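Colleague: sequence and predicted structure, then a few things I'm wondering about:
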Amino acid sequence: MAKIAFIGLGNMGAPMAVNLLKAGHGLVAFDLVPEAMQQLADKGATPARSAAQAVAHAAVVISMLPAGKQVRDLYLGTGRVLASVSTGTLLIDCSTIAAEDARAVAAAANSRGLAFLDAPVSGGIAGAQAGTLTFIVGGEAQPLEAARPILEVMGRNVFHAGGHGAGQLGKICNNMLLGILMLGTCEALNLAVAHELNPAIISEIMRSSSGNNWVLQAYNPLPGLMENTPATRGYEGGFLSHLMAKDLALAMNAALASGTSTPLGSVASSLYAMHCANGNDRRDFSSIIQFLQGGRLD
Ligand code: NAD
């Protein structure tokens, strides 16, 4: 069993770390929020006073932080992770960040003889809890094979997207599509409800028809139609709107860098930015259905 340092115990990181503990791995945990560390300590992890302390004796470091700024700071800046790990430590960042940020950390790690993988995930909090995430990995094949048994504790699928940054690009393309699918599904549901169709029945009709997609299958944005969705919990928890806005902005930067036309992604990016500016940044991203209805109706 590996000695793992896990940094970032939020909505995704905490359940991922719990699955590693359940599989018998030794875990040292660090988060800026003491309560997050305490909850994991109650499940058998050793809390650390700093990221540097957490990684000092680890064979594997896993990070799950909000955005590129925090990841760069953790590995290259005040977190001092690259300066604190032992030779041979495998570094895996599961946050969704820009490919350039992942490549910058990978280059700095490689220059110290350390292997780094960008390994963002898809599957949401439910997937993190159930251990059924999809890992989209960028980096070299050899460290990926070393990481695979650990990733398979937390996920069902592990894809090698390509070299450093390719995992992030794969993830960003997926989330641009998810943002577009969420908005399209919200529009169709709002139109049906405006014409007094039963929301449960129209959801089932579309799920059984050519409009079927993951939002209808697992994440219906209308409250009360599915158990365990953020919509049914007042849009609490889940995948926060500011994280979707961040991912869409990353997609727009990637589109600009490659001269790719992404008109629907661009609209989705603007709508999520407006939704966040209206005070919904800490609500689940499915709450955008209320923005399309013209306001907060809950
Ligand atoms: P979150 O905000 O719930 O958790 C982030 C955690 O990181 C927090 O507990 C925070 O205190 C901690 N943190 C921030 N800076 C830190 C630092 N310097 N050192 C230690 N801890 C620090 O976010 P989340 O929903 O868990 O998402 C994490 C990443 O996973 C994001 O990049 C997000 O885009 C991605 N993601 C999220 C979901 C989802 O459904 N929530 C799904 C797939 C991918």
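Modeller: Happy to help now that I have it.

Colleague: burial of the closest residue to the ligand within the stretch 1-150 of the chain, as a residue count?
Modeller: Here the stretch 1-150 of the chain gets closest to the ligand at one residue, residue 10, 1.7 Å apart by CB to the nearest ligand atom. Every C-beta, even on glycine, is put in place using the N, C-alpha and C of the backbone. For residue 10, the neighbour count with other CB atoms under 10 Å is 18.

Colleague: name the SS class of it, please.
Modeller: coil (DSSP: H, G, I helix; E, B strand; the rest coil).

Colleague: what residues does it make contact with?
Modeller: By CB atoms under 8 Å, 6 or more residues apart in numbering, the contact set of residue 10 is 31, 36, 64, 66.

Colleague: then residue 170?
Modeller: Neighbours of residue 170 in contact, by CB under 8 Å, 6+ apart: 120, 136, 138, 159, 161.

Colleague: I'd assumed it was in a helix, is it?
Modeller: Yes - Residue 170: assigned to a helix according to three-state DSSP.

Colleague: given the strand ranked longest in the chain, what are its sheet partners and their directions?
Modeller: Longest strand of the chain, by residue count under DSSP state E: strand 155-162. Strand 155-162 sits in its sheet next to strand 133-138 (parallel), going by DSSP bridges.

Colleague: what's the mean pLDDT across the strand it pairs with?
Modeller: What strand 133-138 shows for mean pLDDT is 98.

Colleague: what ranges do the helices span in the stretch 101-250 of the chain?
Modeller: 124-130, 141-154, 166-194, 199-207, 214-218, 241-258 (DSSP state H, counting those that start in this stretch).

Colleague: any chance of those helices in JSON lines, plus distance to the ligand and mean pLDDT?
Modeller: Output for these, formatted as JSON lines (distance: least, CB to the nearest ligand atom, whole Å; pLDDT from 0 to 100):
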{"stretch": "helix 124-130", "distance to the ligand": "4", "mean pLDDT": "93"}
{"stretch": "helix 141-154", "distance to the ligand": "12", "mean pLDDT": "98"}
{"stretch": "helix 166-194", "distance to the ligand": "8", "mean pLDDT": "98"}
{"stretch": "helix 199-207", "distance to the ligand": "21", "mean pLDDT": "98"}
{"stretch": "helix 214-218", "distance to the ligand": "12", "mean pLDDT": "96"}
{"stretch": "helix 241-258", "distance to the ligand": "4", "mean pLDDT": "97"}
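
Colleague: any idea which helix or strand carries the closest residue to residue 131 other than its chain neighbours?
Modeller: Spatial nearest neighbour of residue 131, chain neighbours left out: residue 19 (4.7 Å); criterion: CB to CB, 6 or more residues apart in numbering. With secondary structure defined by DSSP states H and E, residue 19 is part of helix 13-22.

Colleague: who's in contact with that helix?
Modeller: 4, 6-7, 9, 27, 29, 31, 36, 39-40, 43-45, 62, 64, 94, 125, 128-129, 131, 133, 150, 153-154.

Colleague: now do the longest strand of the chain: distance to the chain's middle.
Modeller: 14 Å (CA atoms, centre = their mean, to the nearest Å).

Colleague: can you give me the neighbour number for residue 174?
Modeller: 17.

Colleague: I meant to write residue 61 there.
Modeller: Other residues close to residue 61 by other CB under 10 Å number 26.

Colleague: with the one 4 residues further on instead?
Modeller: Residue neighbour count, defined by other CB under 10 Å, stands at 24 for residue 65.

Colleague: list the contacts for it?
Modeller: By CB under 8 Å, 6+ apart, the neighbours of residue 65 are 7, 8, 71, 74, 93, 95.

Colleague: and of those residues, the nearest to residue 276?
Modeller: residue 95 (18.7 Å; CB to CB).

Colleague: what's the spacing between the closest residue to that closest one other than its chain neighbours and residue 100?
Modeller: Nearest in space to residue 95, with sequence neighbours left out and distances taken as CB to CB, 6+ apart, is residue 65 at 4.6 Å. Distance of residue 65 to residue 100, computed by CB to CB, to the nearest Å: 16 Å.
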